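>>> Any chance you can model this:
(2 chains)
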2 protein chains.
Amino acid sequence: MKKVIIKSPGTVANLVCGFDILGLALNEPNDIMELTLLDEPRVIIHNKDEFDLPTDPEKNVAGVVLLSIMEKMDNKIGFEVTIEKHIKPGSGIGSSAASAAGAAVAANHMLGNIFSTDEVVQFAMNGEKLASGVKHADNIAPCILGGVTLIRSIHPLDIITIPSPDLFVTVVHPQIEVRTSDARQILKQQVSLKDAIRQWGNIAGLVTGFMKNDLDLIGRSLEDVIIEPVRSILIPGFAEVKKNCKEAGALGGGISGSGPSVFMLSKDEGTAKAVESVMKDVYTRIGIDFNTYVTTINKTGVEIVE
Amino acid sequence: MKKVIIKSPGTVANLVCGFDILGLALNEPNDIMELTLLDEPRVIIHNKDEFDLPTDPEKNVAGVVLLSIMEKMDNKIGFEVTIEKHIKPGSGIGSSAASAAGAAVAANHMLGNIFSTDEVVQFAMNGEKLASGVKHADNIAPCILGGVTLIRSIHPLDIITIPSPDLFVTVVHPQIEVRTSDARQILKQQVSLKDAIRQWGNIAGLVTGFMKNDLDLIGRSLEDVIIEPVRSILIPGFAEVKKNCKEAGALGGGISGSGPSVFMLSKDEGTAKAVESVMKDVYTRIGIDFNTYVTTINKTGVEIVE
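Just a heads-up that it's a prediction; the model follows:
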């Protein structure tokens, strides 16, 4: 019986100025998933965590992904999957994407990698559709490919890996709920041409900075004049966290996905830990529970463990 | 008496999706300028061309640049300049920028390069202010630095050179007048967030394509959903030229600056010449006089000839 264990990473989508197009994968946290290939068309889900996620395949992010793969295989196969979730649902660091991408990569692996990366991304996007109502690849793409990824276009799917320096990433997850639907509704559907130009100057600067390994340029380009000013009001302490983190040496950062997690990029581990420390200070003072991670950019994406 | 002869290249600003931020320098056409350093505070201008440009320094693009440098030098020096203009004013391939940038680089050279590149760009921007009313660096930056340049920000000035493949550039200049003020006035000051996102996906793709030497990606990313649909109505034959050029093998292209010139990028000279041929066909059929250039990306910028 074919079996596989995979590690599926957390991800940061909406990379500051790169709203809807740029994301990156994290080396921590990761979900662990164990999949078995069945010879009958059913999906059995076991959750080995505290999050009380649904086990009905139609209502489970990994489940709908596996169902879509089964359908493609004329329902001649099935899957049993055990999910050990470490990426907290609703944290804004790609919890649903980790389940969806992990399931898609694991299934494809057991099937002898018959599907292309683009097809695997497409399967995984069915999970995002269930989770957020939208078939987006903002987290799926970096989760599967690793590194910094550009989603140039969704229709047709056009995903490009952007080489990047080995930066450190500090994430703070304040334990508040930001509904994705709220985060989406408060966005203005019209933006001024002036702001749009400033944003695309920054995006071009950020991509160039990643590829030239120019940390100063990355820092200067980590500015979002369109989304952050609106969405950050949903995250208590955001302005203070950002200001203090930059004073502590972070290159810059912003809201992870649609929040509430906030991430910061740093050039070395010492700075990333100093950044973690000021994040902790702010949320301790405000009185909001939180988790933090000090990690690096994951360059491999979903990993086959055994 | 210090003397210098320089060659100042034409440039393409508003590189398709990179409106206001991306430009490139051309190996053809070039203006030739001869400057002499004077020991008294005056600017003498001679035009060795057919364009009847002003010789009053206050009204001449090169003149105001040289006056601004003189002022910085406490008016202890002056310049005599002879301009042989080959880049037709109003063509949309950086005619005023060539005069302004050429004057600034030549003056700095004679002064022993006492000014930084950023300062030289700032001096040259005074010429653009005179020519178009706006202190922009869209053409100045590639004209001085060569290659593909990103103007991430004007305040503060932040110019970055983007490595690019040795692409061929075909330019057609239909001999019609597009007033810069008209080209500016018809732009919508608000854009939809959806279009803005698509545009910045393309910008990130274009920059990545240039730096990865990925011609397909460059081609896919050469799409402007914001400016071109509005401005192209001022250029007769635009849609047909673009369609036919792509069919002839061009990677893509669009309006050069604010027009009326149209440019196309190609991977080799044969394609660039085939592209020129279809451009000629269109404007011959429409009955509009035109010039064409088949050239390459100039990687050096303003060049000291002797």
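>>> ok, how many other residues are close to residue A:133?
11 (other C-beta atoms under 10 Å in any protein chain shown). Just so you know, the C-beta spots here come from the backbone N, C-alpha and C atoms, and that holds for glycine as well.
>>> What residues does it make contact with?
Counting by C-beta atoms under 8 Å, 6 or more residues apart in numbering or on different chains, residue A:133 touches residue A:181.
>>> Do a quick rundown of the strands in chain A.
Assigned by DSSP state E, the strands in chain A fall at A:3-12, A:22-38, A:43-47, A:78-84, A:148-153, A:158-162, A:168-174, A:190-192, A:252-255, A:262-266, A:290-296, A:303-304.
>>> which helices and strands sit right next to the last one?
For strand A:303-304, the packing partners by 3 or more C-beta pairs under 8 Å, 6 or more residues apart in numbering or on different chains; DSSP states H and E come out as strand A:3-12, helix A:95-110.
>>> Ok, which of these comes nearest chain B?
strand A:3-12 (15.8 Å; C-beta to the nearest C-beta).
>>> Tell me which of the strands of chain A is the most buried.
strand A:262-266 (a mean of 28; mean count of other C-beta atoms under 10 Å in any protein chain shown).
>>> wait, isn't residue A:26 in contact with residue A:92?
No. The criterion here is C-beta atoms under 8 Å, and residue A:26 misses it with residue A:92 at 11.9 Å.
>>> who in the stretch 101-250 of chain A is up against chain B?
A:150-153, A:158, A:160, A:162, A:187-194, A:196-205, A:207-208, A:211-212, A:217, A:220-221, A:226 (C-beta under 8 Å from any C-beta of the partner chain).
>>> So for residue B:249, which of the helices and strands packed on strand A:303-304 sits nearest?
helix A:95-110 (36.1 Å; C-beta to C-beta).
>>> now for the closest one, which elements pack on it?
Using 3+ C-beta pairs under 8 Å, 6+ apart: helix A:95-110 touches strand A:3-12, strand A:22-38, helix A:61-72, strand A:78-84, helix A:117-132, helix A:140-145, strand A:303-304.
>>> and those as CSV, adding mean pLDDT and distance to residue B:253?
Shown next, in CSV, are the helices and strands packed on helix A:95-110 (pLDDT from 0 to 100; distance: least, C-beta to C-beta, whole Å):
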stretch, mean pLDDT, distance to residue B:253
strand A:3-12, 98, 35
strand A:22-38, 98, 26
helix A:61-72, 98, 39
strand A:78-84, 97, 48
helix A:117-132, 96, 27
helix A:140-145, 98, 28
strand A:303-304, 98, 42
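>>> Any chance of TSV for the ones you listed, columns distance to residue A:53?
TSV is the format used below for these (distance: least, C-beta to C-beta, whole Å):
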stretch	distance to residue A:53
strand A:3-12	14
strand A:22-38	11
helix A:61-72	8
strand A:78-84	7
helix A:117-132	11
helix A:140-145	17
strand A:303-304	22
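>>> To residue B:40, which of those lies closest?
Across these, closest to residue B:40 is strand A:22-38 (C-beta to C-beta), at 55.5 Å.
>>> would you put the C-alpha positions of that closest one in CSV?
The C-alpha coordinates for strand A:22-38 follow below in CSV (Å, rounded to 0.1, in the frame of the first residue of the first chain):
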residue,chain,number,x,y,z
LEU,A,22,3.9,38.0,-4.1
GLY,A,23,4.3,35.4,-1.4
LEU,A,24,7.0,33.4,0.4
ALA,A,25,7.3,30.1,2.2
LEU,A,26,8.5,29.8,5.8
ASN,A,27,10.7,27.1,7.4
GLU,A,28,8.5,27.2,10.5
PRO,A,29,5.7,26.3,11.3
ASN,A,30,4.8,23.2,9.2
ASP,A,31,1.9,20.8,9.1
ILE,A,32,2.7,17.1,8.9
MET,A,33,0.4,15.0,6.8
GLU,A,34,0.4,11.2,6.3
LEU,A,35,-1.4,9.9,3.2
THR,A,36,-2.2,6.4,2.0
LEU,A,37,-3.4,5.6,-1.5
LEU,A,38,-6.6,3.5,-1.5
